[in-house]
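Asker: Quick check, what structure comes out for this input:
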Amino acid sequence: MSIVDKMRKARESTFDVGSVTLTVRRPTDWDALSMKYSSRQDAILGVAGFIVNWTGVTEQDLFPGGNADPVPFDEDIFAEWLKDKPEHWAAIIDKVKNLYTSHSEKLEDVSKN
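Answerer: As a prediction, this is how the structure comes out:
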């Protein structure tokens, strides 16, 4: 694993939406510069890219007649799945936002000490 991969991995955490566990990568300060969204649609489109993996997804979850085999994470499959899951949009937006906010607050606390 390269150093860049280790740095990215260090920013990852997981959370559940329904029966799916998503892996989210906390936005960097650089990423946050462009995270100003004027609509819910802009927000979900903007934060979806911070989802980097999932577990608990089978073909049955994705389309009728699918099998019970796990589906590896793929950005295109995730994006298509997400379009049909508006019940998860707020949780995903909130998770990404909260990860960045918590990170910023920790940095602020460290700089005060």
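Asker: Report the separation between the residue positioned nearest the centre of the chain and Ala91.
Answerer: With distances taken as CA atoms, centre = their mean, Ile51 lies nearest the centre of the chain, 2.8 Å away. Noted for Ile51: a distance of 11 Å to Ala91, by CB to CB, to the nearest Å. The C-beta positions use only the backbone N, C-alpha and C, and glycine is treated the same way.
Asker: How about Thr23?
Answerer: Distance from Thr23 to Ala91, by CB to CB: 14 Å.
Asker: If you count neighbours, what's buried in the helix or strand harbouring Ile77?
Answerer: Using DSSP states H and E, Ile77 maps to helix 75-83. Buried positions in helix 75-83, judged by neighbour count with 16 or more other CB atoms under 10 Å: Phe78, Trp81, Leu82.
Asker: Identify the residue spatially nearest to the second one, adjacent ones excluded.
Answerer: Across the structure, with CB to CB, 6 or more residues apart in numbering as the measure, the residue nearest Trp81 apart from its sequence neighbours is Leu62 (6.2 Å).
Asker: related to what we said a few turns ago, with distance to Phe15 and pLDDT added, can I get the buried residues of helix 75-83 in a markdown table?
Answerer: Below are these laid out as a markdown table (distance: CB to CB, whole Å; pLDDT from 0 to 100):
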| residue | distance to Phe15 | pLDDT |
| --- | --- | --- |
| Phe78 | 15 | 97 |
| Trp81 | 16 | 96 |
| Leu82 | 14 | 95 |
